[in-house]
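# Here is the input, now give the coordinates:
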Amino acid sequence: MIVKRLADDRGHEDHGWLDTRHTFSFADYHDPKQMGFRSLRVINEDRVAPGQGFGTHGHRDMEILSYVLEGSLAHQDSMGTGSVIRPGDVQRMSAGTGVRHSEFNASDIEIVHFLQIWIVPERPGLPPSYEEKHFSNAEKQGRLRLVASPDAADGSVTIHADARVYAGRFGRDQAASLPLAQGRHAWVHVARGRARVNGQDLGPGDAVALSREPSVDVQGLEDAEFLAFDLA
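Next up, the predicted model:
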């Protein structure tokens, strides 16, 4: 079964300093039909103005991934972590029993454009933790590169959930296939460009949910970058 989720159907808020689009219900955007997909709870596409950002706030019992598309994002948290992530970096914060953090555009000139992703953990009450790794464009070109997994496979960041996250960059006519085990599901989110996923043509911000499909089959139509989630 294949279900498309179009970019224009997402929740949208423009706060001046923040332009944000919500694939699933989040903050003031609520749609009972869009509460997540399997353990994938949030995909927010955020553009933050120069020098602006999210002040210190708290999370708990969630695996939070940040994936920067443009610009640089400064992170500080109550675990003592301070970092600036840029395109190619994947940041994982396990909120667990509770963590407070802030996220700001690290530039006074350019916007930062990034995806924030929440995945429900395997169990509540985990100790908070942080990790980040860099994955070059070459590693993702023409293939689906594993960037997050429960067992740190292939140098991916570790998430405490039965989920695997892949990132790919595909030029025109580049293609790849990701087998799905029986009973698994997939969500594919196009971050930019245009791609064909299991026969569905998708543009920037579009996504597709796959259930009872043998594989995720992707093809670039014009310089596409996207994330694929293999979910229980």
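
# From now on I want contacts and neighbour counts done on CA atoms only, so please keep to that.
Fine.

# And stretch 206-216, end to end?
Length of stretch 206-216, first residue to last, C-alpha to C-alpha, to the nearest Å: 15 Å.

# Tell me the buried residues in it?
Residues of stretch 206-216 classed as buried by neighbour count (16 or more other C-alpha atoms under 10 Å): D206, A207, V208, A209, L210, S211, E213, P214, S215, V216.

# go on, stretch 105-119?
By 16+ other C-alpha under 10 Å, the buried positions in stretch 105-119 come out as N105, A106, S107, I111, V112, H113, F114, L115, Q116, I117, W118, I119.

# Give me the subset of the residues you listed that lies in strands.
Among the buried residues of stretch 105-119, the ones falling in strands (DSSP state E) are N105, V112, H113, F114, L115, Q116, I117, W118, I119.

# circling back to that earlier point, dump the buried residues of stretch 105-119 into CSV; add distance to R145 and pLDDT as well.
Output for the buried residues of stretch 105-119, formatted as CSV (distance: C-alpha to C-alpha, whole Å; pLDDT from 0 to 100):
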residue, distance to R145, pLDDT
N105, 27, 95
A106, 27, 94
S107, 28, 94
I111, 26, 97
V112, 23, 98
H113, 21, 98
F114, 18, 98
L115, 17, 98
Q116, 18, 97
I117, 17, 98
W118, 19, 98
I119, 19, 98
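
# Pull the most distant pair out of these.
Spanning the widest gap among those are S107 and I119, at 28.1 Å by C-alpha to C-alpha.

# Name the spans of this structure whose pLDDT lies under the cut-off.
Low-confidence segments of the chain, defined by pLDDT under 70: none present.

# Pop the domain breakdown of it in here.
Domains of the chain are assigned by automatic domain parsing as 11-134, 137-231.

# now do the same end-to-end measure for the longest one.
Pointing back at domain 11-134 there. Using C-alpha to C-alpha, first and last residues of domain 11-134 are 30 Å apart.

# Show me how far it is from its chain's centre.
In terms of C-alpha atoms, centre = their mean, to the nearest Å, the centre of domain 11-134 is set 9 Å apart from its chain centre.

# ok, back up a step: from the domains of the chain, pick the one with the highest average neighbour count.
domain 137-231 (a mean of 20; mean count of other C-alpha atoms under 10 Å).

# still on that earlier bit, wait, which of the domains of the chain is closest to I2?
Going by C-alpha to C-alpha, the one of the domains of the chain nearest I2 is domain 137-231, 4.9 Å.

# okay, how far is it across the closest one, tip to tip?
This stretch, domain 137-231, spans 24 Å end to end (C-alpha to C-alpha).

# hang on, the earlier thing: of all the domains of the chain, which one is nearest K4?
Comparing the domains of the chain under C-alpha to C-alpha, the one sitting nearest is domain 137-231, at 4.3 Å.

# Is G142 in contact with G168, as I believe?
Yes - using C-alpha atoms under 8 Å, G142 is in contact with G168, at 6.7 Å.

# Which two among the buried residues of stretch 206-216 are spaced furthest apart?
Between all members of those, the farthest pair (by C-alpha to C-alpha) comes out as D206 and P214, at 21.2 Å.

# Which residue comes closest to Q91 once chain neighbours are left out?
Take Q91 and drop its neighbours on the chain: the residue closest to it by C-alpha to C-alpha, 6 or more residues apart in numbering is E132, 4.3 Å away.
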